[in-house]
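*Asks:* Predicted coordinates and the sequence they were generated for:
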Amino acid sequence: MIFEKSIKETMKKRQSVRNFDTQNIKDAHAKRINEYISNEDNLVGPFGSKGRIEFIQVTNNVSDKGIKLGTYGFIKNPQAYLAGVAENSKYSLVEFAYTFQKLVLWLTELEIGTCWMGGTFNRNSFEQEIQLEDGEFIPCITPIGYPNQKQRVFDKALRYVVKADNKKPWDKLFYDSTFDVALNKENAGLLEIPIEMVRIGPSASNKQPWRLLLSSDRKVCHFYIEHTPNYSSKLGYDMQLLDMGIAMCQFELACKELDIKGRWSVEKPDLLLPNEQTEYIASWIIL
């Protein structure tokens with residue numbers, strides 16, 4: 001296990017940081033980050049797909065190659081970026097986000113700030129910085145650095161605009177046996193905490209597109225996405241698939257901490273869906 005502290009507490013602590021201190025990334029931390037992203041075990045998703053992550057240190061948003069890396073004014077004083085590279089396909093995006101969220105949580109444990117960015121960065125400038133292979137693209141990045149303790153008014157306002165602190169309740173996200181019955185927290189059994197960790201996880205514009213359905217025997221938890229129509233159509237990929245990878249990561253890490261043994265599977269359950277925006281992704285099966 002790569003985590004030394006309580007993963008549940010780290011998940012609760014993590015929030016998007018957009019205003020960083022001017023202190024450079026410490027050499028010891030830079031070394032550990034490079035070691036982390038060089039370890040292939042850290043880059044493989046739950047179904048075996050592997051993306052990659054590039055570590056780009058910057059000075060005044062300019063890389064060592066002299067390329068200016070832009071985030072449209074959303075980020076102040078980033079000391080480096082971690083840029084993800086994956087194939088633009090359904091499960092590649094889900095699996096990549098699963099691995100990227102694990103990295104984000106690991107950095108949170110190190111007191112290094114992060115901010116998932118999928119549509120608010122200059123993708124062209126990062127593509128100049130990173131050598132992409134055929135079929136690869138950059139689905140997301142995160143700036144990193146040490147959080148500025150004096151959070152900017154703009155940062156607080158942005159959290160309010162995207163309702164970052166306003167998470168949907170259980171009865172809007174989680175279901176019991178069918179989509180007609182909301183799942184009550186007290187009826188979730190062993191999986192109450194892992195499901196709650198999904199609820200508090202980050203998502204693009206805090207849309208929280210995950211929908212979980214727990215089987216009547218409490219042995220299987222199905223993960224669905226409820227797509228927000230036209231949400232990321234201009235980007236050329238479905239950014240909300242990243243949210244599903246984040247949800248799966250939160251869920252599995254919480255299960256591991258609680259010693260709930262299980263595995264991921266693509267089951268295609270024969271369940272009546274609540275609407276045409278809802279699509280099945282994967283299932284967690286308790287062993």
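*Replies:* Now that the structure is in, tell me what you want to look at. Residues are numbered from 1 along each chain as shown.
*Asks:* Centroid-nearest residue for the chain?
*Replies:* The geometric centre of the chain, computed from its C-alpha atoms, lies nearest to residue 246 (CA atoms, centre = their mean), at 3.5 Å.
*Asks:* helices or strands next to the helix or strand harbouring that residue in the packing?
*Replies:* Using DSSP states H and E, residue 246 maps to helix 240-257. Judged by 3 or more CB pairs under 8 Å, 6 or more residues apart in numbering; DSSP states H and E, helix 240-257 is in contact with helix 7-13, helix 90-109, helix 192-199, strand 210-214, strand 220-226, strand 262-265, strand 278-286. In this view, the C-beta of every residue, glycine as well, is placed from N, C-alpha and C.
*Asks:* just to revisit the earlier point, for the residue nearest to the centre of the chain, what are its contacts?
*Replies:* Under the criterion of CB atoms under 8 Å, 6 or more residues apart in numbering, the contact list for residue 246 reads 97, 98, 101, 116, 201, 202, 203.
*Asks:* out of these, which one sits closest to residue 75?
*Replies:* Proximity of the contacts of residue 246 to residue 75 was ranked by CB to CB; the top entry is residue 116 with 11.8 Å.
*Asks:* For burial, what's the neighbour tally of the closest one?
*Replies:* Neighbour count of residue 116, defined by other CB atoms under 10 Å: 21.
*Asks:* One more: residue 264?
*Replies:* 19.
*Asks:* pLDDT score for it?
*Replies:* Turning to residue 264, the model gives it a pLDDT of 98.
*Asks:* Not counting sequence-adjacent ones, nearest residue to it?
*Replies:* Counting by CB to CB, 6 or more residues apart in numbering, the nearest residue to residue 264 once its immediate chain neighbours are dropped is residue 46, at 4.2 Å.
*Asks:* Confirm for me that the one you found is in contact with residue 265.
*Replies:* No - using CB atoms under 8 Å, residue 46 and residue 265 do not qualify as a contacting pair, with a distance of 9.4 Å.
*Asks:* Now for residue 90: which residues touch it?
*Replies:* Per CB under 8 Å, 6+ apart, neighbours of residue 90: 238, 241.
*Asks:* typo on my end, residue 287
*Replies:* Residue 287 neighbours (CB under 8 Å, 6+ apart): 261, 262, 263.
*Asks:* Please state the offset of the helix holding residue 246 from the chain centre?
*Replies:* Here the centre of helix 240-257 is set off from its chain's centre by 8 Å, with CA atoms, centre = their mean, to the nearest Å.
*Asks:* tilt between it and strand 278-286?
*Replies:* Angle, helix 240-257 to strand 278-286, by axes from the mean of the first three to the mean of the last three CA atoms, to 10 degrees: 10 degrees.
*Asks:* before we move on, the earlier item: tabulate the contacts of residue 246 in TSV, adding columns for distance to residue 256.
*Replies:* Output for the contacts of residue 246, formatted as TSV (distance: CB to CB, whole Å):
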residue	distance to residue 256
97	18
98	13
101	14
116	22
201	16
202	20
203	22
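*Asks:* still on that earlier bit, chain neighbours aside, what residue packs nearest to the residue nearest to the centre of the chain?
*Replies:* Nearest residue to residue 246 in three dimensions, chain neighbours excluded: residue 101, at 4.4 Å (CB to CB, 6+ apart).
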